[in-house]
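S.K.: Let me see the structure of the following:
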Amino acid sequence: MVEESFNLSFAGRLWRRGSFQPGTIHVVGGRLSEGRRGRLLEVPFIIPPLADPHLHGGWGLSFQKGEFAALEKRLKRIGVFLAIPTLYNDRLDHVREVAQAFSAYRAQVKDSIFPYLRIEGPFISPAKKGAQDKDFILPAEPSLVDEFLNIPEIKMFTFAPEIPGSSELVAKALAQGKIPSIGHSQAVYDDFVRVYRLGVRHITHYPNALSNLHHREIGLVGAGLLYDDLQLEIIGDGIHTSYEFLELLRRVKGDGFALTSDLIPPAMAADKDEFQSQYIIEGGKITTTAGILAGGATPVPEQVVRLRQRGWSPESLVRMACENTRRFFGRPLYSLEEGAEATFLLCGERLEVLAVFERGVCLWRTEEWEALF
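M.R.: As a prediction, this is how the structure comes out:
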């Protein structure tokens, strides 16, 4: 970690007011200032930090085990400054334990990048459970719904609209300020419309674990394409979703969706041997031993680089990776204007992260950039 006292300025294309503009900045008192001070380093892009709305862990660490501090540190070092810790479907008593640990963590770390918890379940379809444990799927009965919704730290959850009681579940959740997200579901289009009219606007790791598009029944994949006011979170790794589908989605939806990683603990783990009894790990693909995709292995910063290499514009990628998640969750956007907090990323032509700054402090930089500071 390097304090802000270094005598450096950065010139490049800065993300300001929704577009890239040429400019030069330096840091004074943890805030951005226009113009040059000391040595000038030129960089292709200077962007706000990234966001990830859905991840379970990584680097061998797990939110399910309450490893919040270590994961926050890791995520910041790769440039992610908003993340929604996501739990696997689990026993409600264990979910409460993790939620209490999260509450204690948030009490200590007031400015955490983790605003609240979310969970994949428990009111999902057994037929579309994916890698979720079927033993913890619950019916949406009033007593179980109330028990679940009374866990205050869980603000967001995945549910299947076709299950009995889903309308009542959605109505109660929205009344409490919670975010129901459609997913792990074989709902038909009419099921979707019913909960959409109640106020549901989010779909979990679209288009994975959803009812397929057919020309006589468009299902949830079709609904995601048809409605413009849905927030679709996409695992843009070319594994969960092919690059051809991602291109199709971009042509239909523009840059209105959000990238997410769905990272799971084996992703980027130094010692993958401890996970061999549970997972098959083949490069960027992680499956259960039964061959079911288990979660993501590609963090959002790496997805951005891959999509940039495929010709996606820097402007679109900043919206998908930095801004859309923040907008949906009502979090303020980072500004790179004069006087703003000096939290930003220096990036290369492929939008690869070269250095990460938080309030004027350099948290991480590449080895190549080490010599320049």
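
S.K.: Show the average pLDDT along stretch 93-107.
M.R.: Throughout stretch 93-107, pLDDT has a mean value of 97.

S.K.: so how far is that stretch off the chain centroid?
M.R.: 20 Å (CA atoms, centre = their mean, to the nearest Å).

S.K.: Same question for stretch 255-264.
M.R.: 5 Å.

S.K.: element containing residue 196, please.
M.R.: helix 189-198 (DSSP states H and E).

S.K.: swap in residue 158?
M.R.: Taking DSSP H and E as the criterion, residue 158 maps to strand 154-159.

S.K.: tell me the mean pLDDT over the helix or strand just after that strand?
M.R.: For strand 154-159, the following helix or strand on the C-terminal side (DSSP H and E) is helix 166-175. Taken as a whole, helix 166-175 has an average pLDDT of 98.

S.K.: Next, count neighbours for residue 193.
M.R.: 14 (other CB atoms under 10 Å). (Each C-beta comes from the backbone N, C-alpha and C, glycine too.)

S.K.: Can you tell me the closest non-neighbouring residue to it?
M.R.: Among residues not flanking residue 193 along the chain, residue 223 sits closest, at 7.8 Å (CB to CB, 6 or more residues apart in numbering).

S.K.: where do the helices sit along the stretch 101-250 of the chain?
M.R.: Along the stretch 101-250 of the chain, the stretches classed as helices by DSSP state H, counting those that start in this stretch are 142-149, 166-175, 189-198, 219-226, 243-253.

S.K.: most packed of the ones you listed?
M.R.: A comparison of the helices of the stretch 101-250 of the chain by mean neighbour count, using mean count of other CB atoms under 10 Å, puts helix 219-226 on top with a mean of 20.

S.K.: Tabulate the CA atom coordinates of that one in CSV.
M.R.: Extracted in CSV, the C-alpha atoms of helix 219-226 (Å, rounded to 0.1, in the frame of the first residue of the first chain):
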residue,chain,number,x,y,z
GLY,A,219,-40.4,-18.3,-20.9
LEU,A,220,-38.1,-16.4,-18.7
VAL,A,221,-35.3,-16.1,-21.2
GLY,A,222,-37.7,-14.5,-23.6
ALA,A,223,-39.1,-12.2,-20.9
GLY,A,224,-35.6,-11.0,-20.2
LEU,A,225,-35.2,-10.0,-23.8
LEU,A,226,-38.7,-8.4,-24.1
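
S.K.: Can you classify the residue nearest in space to the middle of the chain as helix, strand or coil?
M.R.: What sits nearest the mean C-alpha location of the chain, by CA atoms, centre = their mean, is residue 52, with 2.0 Å. Taking DSSP: H, G, I helix; E, B strand; the rest coil as the rule, one finds residue 52 in the strand state.
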